[in-house]
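Colleague: Sequence first, predicted coordinates after that:
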Amino acid sequence: MCAAHWQTSLAQDSLVTNTQQRKWILGGSSALLTSGSLVYLHQAWYKNYNTGAFHFFNDNAEWYGIDKLGHTFTTYQTARLMRGAFEWAGFKRQQQLWIGGTLGLGYMTAIEIMDGYSQGWGFSWGDMGANVLGTGVALTQELVWHEQRLQLKFSYSPSGLAAYNPRLLGRSFTEQILKDYNGQTYWLSINLAAFMRQQSRFPKWLNVAFGYGAQGMIGAFSNPPVNTTDGRSLVFERRQQYYLSLDIDLTRIKTKSAFLKRCFSIIGLLKIPTPTIEFSKGKWYGHALYF
């Protein structure tokens, strides 16, 4: 009995130590990622603009709403991933949801306040609403279903339009991923099997995805004049694009590897390239693979 009790005590001590180590790892990595992302945002967004008095800015009509979907996607994924990270670190479920799940909203609120002091932008209530929506989508599903049946995903392909307005759309590839809204597509990926009976043979990993994007945007509200070197005027048609596609929910692929599970959870924020139907300007288009 003494030996068994001693072994149990050692196991409990080891578990406590492991949990403490994970909490330190989580705290350190979160601080590193936060500081690194703020440095990146300063280089990509803020360094070319002066600061001034705090002010508001209505940008709801910009970029056909793609920027707002970016805010919703960011807070959704941050809430989803941080809740999972808090679970890995051994926090209680309430702490996972209300601390881990809302950290992204706090981070994006801080960025919005920074925008409020930037003369290039301002505090946007539209952005804040999108931030709250993304966090709400993640937390509501955890509270109701204890899983993410409706996932917000992202895909990006270089549009080639950044060269015509690099100040707004980005000069480098890393800037363009963030700033060139022409190349961004945001998806609502739905796991149909999660709404079916448990004994259904419908693939648990197969999703149906609805996407939204836009093209031809050289400026936020409208396109500025663009001329070629020989004096010709270029006209870019601004248009919205809607997509219907298949997707793969990597988090539902069975594996015993904890490492693969974590990788699948992170990679799962990206839409998997599959055959896609596009509707734009009143016409239908087919893509053998769309990302």
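Modeller: All right, it came through fine.

Colleague: Now for residue 73: which residues touch it?
Modeller: If you count contacts by C-beta atoms under 8 Å, 6 or more residues apart in numbering, residue 73 has them with 134, 152, 153, 154, 186. From N, CA and C alone the C-beta is placed, and that goes for glycine too.

Colleague: in what helix or strand does it lie?
Modeller: Here residue 73, judged by DSSP states H and E, is contained in helix 66-88.

Colleague: what is the mean pLDDT for the helix or strand harbouring residue 24?
Modeller: Using DSSP H and E, residue 24 maps to helix 2-41. In this model, helix 2-41 carries a mean pLDDT of 67.

Colleague: what's the answer for stretch 173-190, then?
Modeller: For stretch 173-190, the per-residue pLDDT averages 95.

Colleague: Show me how far it is from its chain's centre.
Modeller: Relative to its chain's centre, stretch 173-190 lies at 9 Å (C-alpha atoms, centre = their mean, to the nearest Å).

Colleague: now swap in stretch 24-44 and tell me
Modeller: The answer for stretch 24-44 is 16 Å, by C-alpha atoms, centre = their mean.

Colleague: between the contacts of residue 73, which has the most around it?
Modeller: When neighbours are taken as other C-beta atoms under 10 Å, the top entry among those is residue 134 (26 neighbours).

Colleague: The residue lying closest to that residue once chain neighbours are set aside - how many residues pack around it?
Modeller: Nearest non-adjacent residue to residue 134, counting by C-beta to C-beta, 6 or more residues apart in numbering: residue 75, 3.3 Å away. Using other C-beta under 10 Å, residue 75 has 29 other residues around it.

Colleague: Residue 178 too?
Modeller: Count around residue 178 with other C-beta under 10 Å applied: 16.

Colleague: Mind telling me what element it is part of?
Modeller: With DSSP H and E as the test, residue 178 turns up in helix 173-179.

Colleague: which outside residues touch that helix?
Modeller: So helix 173-179 is contacted by 40, 44, 45, 156, 158, 162, 168, 169, 170, 183, 184 (C-beta under 8 Å, 6+ apart).

Colleague: With neighbour count and secondary structure as added columns, please give the residues you listed in JSON lines.
Modeller: JSON lines is the format used below for the contacts of helix 173-179 (neighbours: other C-beta atoms under 10 Å; DSSP: H, G, I helix; E, B strand; the rest coil):
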{"residue": "40", "neighbour count": "13", "secondary structure": "helix"}
{"residue": "44", "neighbour count": "18", "secondary structure": "helix"}
{"residue": "45", "neighbour count": "18", "secondary structure": "helix"}
{"residue": "156", "neighbour count": "17", "secondary structure": "strand"}
{"residue": "158", "neighbour count": "12", "secondary structure": "coil"}
{"residue": "162", "neighbour count": "22", "secondary structure": "helix"}
{"residue": "168", "neighbour count": "16", "secondary structure": "helix"}
{"residue": "169", "neighbour count": "22", "secondary structure": "helix"}
{"residue": "170", "neighbour count": "18", "secondary structure": "coil"}
{"residue": "183", "neighbour count": "21", "secondary structure": "helix"}
{"residue": "184", "neighbour count": "24", "secondary structure": "strand"}
